[in-house]
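1. sequence? don't have it. structure:
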């Protein structure tokens, strides 16, 4: 199964204090992330059903800038 990837732009990374270019993590409610940007349908369909559940996004070494892998749904 392919990983689910979520984009976090530079302004969001600054706001949420997470890396845009370097490896790192972002732990956030799906609804908070969804409200922070006018996302496309793919992101809305992925994040919307998760509502207020906490998600763990991981930005792996070598990933394209801003792209995080959905690692956990808590």
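-> Sure, I can see it. Since we're looking at a predicted model, the values are computed, not measured.
2. could you use CA atoms for every contact and neighbour count after this?
-> Noted.
3. can you give me the strands in the chain?
-> Counting by DSSP state E, the chain has strands at residues 5-7, 24-29, 54-59, 67-73.
4. and the ones you listed: which comes nearest residue 39?
-> strand 5-7 (8.9 Å; C-alpha to C-alpha).
5. from the contact counts, what lies against the closest one?
-> In this structure, strand 5-7 packs against strand 67-73, with contacts taken as 3 or more C-alpha pairs under 8 Å, 6 or more residues apart in numbering; DSSP states H and E.
6. what comes up buried for the strand it packs on?
-> Neighbour counts over strand 67-73 (16 or more other C-alpha atoms under 10 Å) mark 67-71 as buried.
7. want to throw those into CSV with distance to residue 47 and pLDDT?
-> Putting the buried residues of strand 67-73 into CSV (distance: C-alpha to C-alpha, whole Å; pLDDT from 0 to 100) gives the following:
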residue, distance to residue 47, pLDDT
67, 15, 98
68, 13, 98
69, 13, 98
70, 10, 98
71, 13, 98
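8. closest one of those to residue 48?
-> Proximity of these to residue 48 was ranked by C-alpha to C-alpha; the top entry is residue 70 with 13.9 Å.
9. give me the distance between the most far-flung residue of the chain relative to its centre and residue 13.
-> Distance from the C-alpha centroid of the chain peaks at residue 1, with 18.4 Å (C-alpha atoms, centre = their mean). Distance, residue 1 to residue 13, using C-alpha to C-alpha, to the nearest Å: 27 Å.
10. repeat that for residue 73.
-> Look at residue 73 and residue 13: by C-alpha to C-alpha, they are 20 Å apart.
11. now for the strands of the chain, which one comes closest to residue 40?
-> Evaluated over the strands of the chain, closeness to residue 40 peaks at strand 5-7, with 10.2 Å, by C-alpha to C-alpha.
12. pairing partners for that closest one, with directions?
-> Partner strands for strand 5-7, per DSSP bridges, with pairing direction: strand 67-73 (antiparallel).
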